[in-house]
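*Asks:* Curious how this folds, go ahead:
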Amino acid sequence: METDLVTLNIEQGIAHVFLNRPSKINALSYEMFKAIDKVIKQLAKDKRVNAVILSGAEGNFCSGLDVKSVASSPSKAAKLLFKWLPGNANLAQRVSVGWQRLPIPVIAVLQGCCYGGGTQIALGADIRIASPECKLSIMEAKWGLVPDMAGLVALRQIIAKDKALMLTYSADILTAPQALELGLISEINDAPYETALVLAQKIMQTSPDANAAIKRSINQSWTGTVRSLLARESLSQIRLLMGKNRVIAAIRQTKKPDKNYQSRQSWW
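*Replies:* Numbering: from 1, shown residues only. So this is what the prediction gives:
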């Protein structure tokens, strides 16, 4: 599938997703929000996909919200923020939390600008690999706004509360080494996309059912109770033991390393 604003190419079980608005440094218009949301929904249904690499076109990840574009149309701004219930995710939030909700490992490749909404989207990924020159910022306060794209779901898990407040209050721009020191990114690499691809290929060697269960267990248990963690682990393990991919994983370890996994099970 390909659109003007987001491209999706699936090769050997790995989905390559590109934010594709280079003339605006991949800034987020209403149409781009819709395109990202559509791709996430498509990936959620495609059980052949076992890893995702998310990146931006032409050396930048995303410069954040295209304020002029969104502000020029009150109806589009309203559609971005609308939700039926307060606890539901609206369109602006789904482009971040949607990546966390996919039962698939998601790796973000961060280059150039990664500001505001771009950082919020990147926080939705499971792993963030940045180029040395990449710069990140939780920038919404500069526009008199609160970060409202669900990036806090991940931010509260990866850095201390006082650091999160400091970054959000100040809207400071961080270099890649500063972001790494805070834990905002996972790794700095001169060849971030190639590194992400190697990691995705490594992930492809393990059971897609196990990876889905691991992601669900860690994301939901990170701030949950011990009782819910123990229950979730036990239930996931029973489901995995009953699945065919667990048997295939054992065969790959002992007899046939190249035996293919079956498509991810629907109950993930």
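
*Asks:* So the residue lying farthest from the centre of the chain versus residue 60, what's the distance?
*Replies:* Most distant residue from the mean C-alpha position of the chain: residue 255, 34.7 Å away (CA atoms, centre = their mean). Separation of residue 255 from residue 60 (CB to CB, to the nearest Å) stands at 46 Å. (C-beta placed from N, C-alpha, C; glycine too.)

*Asks:* How about residue 225?
*Replies:* Following CB to CB, the distance that separates residue 225 from residue 60 is 41 Å.

*Asks:* Neighbour count: the two, which is higher?
*Replies:* residue 60 (24 against 9; other CB atoms under 10 Å).

*Asks:* Nearest residue to the more buried one in space, please, no chain neighbours.
*Replies:* residue 112 (3.4 Å; CB to CB, 6 or more residues apart in numbering).

*Asks:* what residues are up against the one you found?
*Replies:* 25, 56, 59, 60, 61, 131, 133, 134, 135 (CB atoms under 8 Å, 6 or more residues apart in numbering).

*Asks:* Let's have those in TSV, adding pLDDT and secondary structure.
*Replies:* Below are the contacts of residue 112 laid out as TSV (pLDDT from 0 to 100; DSSP: H, G, I helix; E, B strand; the rest coil):
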residue	pLDDT	secondary structure
25	96	coil
56	98	strand
59	95	helix
60	98	coil
61	98	coil
131	98	coil
133	98	coil
134	98	coil
135	98	strand
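
*Asks:* and those residues, which two are the farthest apart?
*Replies:* 25 and 131 (14.9 Å; CB to CB).

*Asks:* Among the contacts of residue 112, name the buried ones.
*Replies:* 25, 56, 60, 61, 131, 134, 135 (16 or more other CB atoms under 10 Å).

*Asks:* so which of the residues you listed comes closest to residue 123?
*Replies:* Scanning these for proximity to residue 123, where the rule is CB to CB, the winner is residue 61, at 11.8 Å.

*Asks:* Check whether the closest residue to that closest one other than its chain neighbours sits in a helix, strand or coil.
*Replies:* Using CB to CB, 6+ apart and skipping residues adjacent in sequence, the residue nearest residue 61 is residue 114, 4.3 Å away. Three-state call for residue 114 (DSSP: H, G, I helix; E, B strand; the rest coil): strand.

*Asks:* Kindly state the beta-bridge partners for residue 114.
*Replies:* Beta-bridge pairing for residue 114 (DSSP bridges): residue 62, residue 136.

*Asks:* Would you quantify the distance from it to residue 199?
*Replies:* 19 Å.

*Asks:* Which one of these two is surrounded by more residues?
*Replies:* The residue with more neighbours, out of residue 114 and residue 199, is residue 114; 32 against 18, by other CB under 10 Å.
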